[in-house]
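[1] give me a 3D structure for the following:
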Amino acid sequence: MTKVVDIMETVPYTCRCDETVGDVIKHLTDAEVGSLVVVDAKGKLVGHITDGDIVRFITKKNVKVVGWGEMLSVILENDENHSLEEKTKELLTAKVIDIANREKLYVDKYQDIEDAAEFLSSNSIKKIAVVENGKVVGVVTRSSIMRHLLKQILQE
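    Have a look, this model is predicted:
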């Protein structure tokens, strides 16, 4: 039985909980990813933040955003109380911990990948932190699980 440790990415994209959202935006764009695992100074899991969390913060609306084009239109949507410049300044200086999802979604690195796949599916998420003794040691994605399973099928 294949374990999460066998297929996980061992260098997860993370940010510290004391960073600003401006820092997170830089991490997201540099890495070309849509979410980061949020950790404390010791690497312990605190939660996660997505580009959708950022859109919800800047628009003050509970919207589901699927793509960047949709995100841009939601951000630029007319707001008679705040200019885009005001919204952007507030966003860039906000602390990650203030808008991150603090739900600690994770799998243990020695869990079976079938359990991880079920967890991802039941929580409707694409990526999850991999933890050992409370510390984030990797990340496993729905795509990495699918690639592994397809390789297994092709070998049979």
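[2] burial check on the residue nearest to residue 147 when sequence neighbours are not counted, number of neighbours?
    Leaving aside its sequence neighbours, residue 147 sits nearest to residue 7 (CB to CB, 6 or more residues apart in numbering; 8.0 Å). Placement of C-beta: from N, CA and C, glycine included. Other residues within reach of residue 7, judged by other CB atoms under 10 Å, total 19.
[3] surely residue 7 meets residue 141?
    No: the pair residue 7 / residue 141 is not scored as a contact, 9.1 Å apart, by CB atoms under 8 Å.
[4] please enumerate the shared neighbours of these two.
    Common neighbours of residue 7 and residue 141, using CB atoms under 8 Å, 6 or more residues apart in numbering, do not exist here.
[5] report the contact partners of the residue nearest to residue 147.
    Contacts for residue 7 (CB under 8 Å, 6+ apart) come out as 113, 140, 144-145, 147-148.
[6] do that again at 7 Å, thanks
    By CB atoms under 7 Å, 6 or more residues apart in numbering, residue 7 lies in contact with 113, 140, 144-145, 148.
[7] which of these tops the neighbour count?
    residue 140 (28 neighbours).
[8] mind listing what that one touches?
    Shown in contact with residue 140 (CB under 7 Å, 6+ apart): 4, 7-8, 107, 116, 128, 130.
[9] also residue 13?
    Taking CB under 7 Å, 6+ apart as the criterion, residue 13 is in contact with 27, 31, 33, 36-37.
[10] partners of the residue nearest the centre of the chain in the sheet?
    Nearest to the geometric centre of the chain sits residue 35, at 2.8 Å (CA atoms, centre = their mean). Beta bridges link residue 35 to residue 50, judged by DSSP bridges.
[11] all set now, cheers.
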